[in-house]
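> sequence first, then the predicted structure:
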Amino acid sequence: MKRIKLSKDCFLEGKILKKGTEIEILEYNRTSKTKYGDTAKNKDRYGSNKTMDKDTYNLRRRVMKHIYEAKNAIEKSGRDFDRVTVRITQDTIHSVLGFSRRGDYIIWVPEETVNEPEELLRYVVYHELLHGNYDIGHNDLNFLMRPVLPKRMKSLEELNTALIEQLTHFNK
Ligand SMILES: [Zn+2]
């Protein structure tokens, strides 16, 4: 973990923050050796899974919409899509937009993120999906897996193109 001063406002796994803000950078896409919620410290940092009641189900459904968009694009490219587990969290520290366990087919989305504009939620879902289902880390191939958000939110088509480009590049 290290502290940095933001040179631009916008972080991906750290929410949108103003330029000049000092923040702690954490590795949000965890290796499979780190279990979600296995320590009190992690629980504080990442919050806890919300109980699957009607409200949570509705939040999850909004995330699943973007999972299906990604699934369609992936299947259209001739690939199989493996099922991913989606959990909605609560009491997550304010600077986290989403997180995943790399290569473990699971992503977590804080309820606050679900309430963000749809373009941002879709972006987070696609980004975390590449971590969680395909074990792809941050890279500069295109905007999708950079650790900072693009200045302009992207369209569904732009996200789909970037998604397939990532999978092709990493032979997934
Ligand atoms: Zn990431």
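Arrived safely. Numbers count the residues shown, from 1 in each chain.

> pull the contacting residues for the residue lying closest to residue 106 once chain neighbours are set aside.
Spatial nearest neighbour of residue 106, excluding adjacent residues (Cβ to Cβ, 6 or more residues apart in numbering): residue 85 at 4.4 Å. C-beta coordinates here come from the backbone N, C-alpha and C atoms, glycine included. Going by Cβ atoms under 8 Å, 6 or more residues apart in numbering, residue 85 touches 105, 106, 107.

> now the buried members of the residues you listed.
In the contacts of residue 85, burial by neighbour count holds for 106, 107, counting by 16 or more other Cβ atoms under 10 Å.

> so which of the contacts of residue 85 are in strands?
Here DSSP state E is the test, and those give 106, 107 as lying in strands.

> just the contacts of residue 85 now: which is nearest residue 158?
residue 107 (20.6 Å; Cβ to Cβ).

> doesn't residue 126 make contact with that closest one?
No - assessed by Cβ atoms under 8 Å, residue 107 is found out of contact with residue 126, at 10.3 Å.

> in this protein, which residue is most central in space?
residue 128 (3.1 Å; Cα atoms, centre = their mean).

> so it makes contact with residue 113?
No - counting by Cβ under 8 Å, residue 128 does not reach residue 113; the two are 9.9 Å apart.

> what touches both of those two?
With contacts defined as Cβ under 8 Å, 6+ apart, the residues shared by residue 128 and residue 113 are residue 98.

> beta partners for residue 89?
Under DSSP bridges, the beta-bridge partners of residue 89 are residue 49, residue 110.

> what sits against it?
Contacts of residue 89 by Cβ under 8 Å, 6+ apart are 46, 47, 48, 49, 50, 108, 109, 110, 111.

> for residue 70, give me its contacts.
Applying Cβ under 8 Å, 6+ apart to residue 70 gives the contacts 81, 125, 126, 129, 160, 163.

> distance-wise, check the third one relative to residue 61.
In this structure, residue 126 and residue 61 are separated by 17 Å, where distance is defined by Cβ to Cβ, to the nearest Å.

> of these two, who's got more company?
residue 126 (23 against 11; other Cβ atoms under 10 Å).

> ok, residue 63 - how many residues close by?
Residue 63: 23 neighbours (other Cβ under 10 Å).
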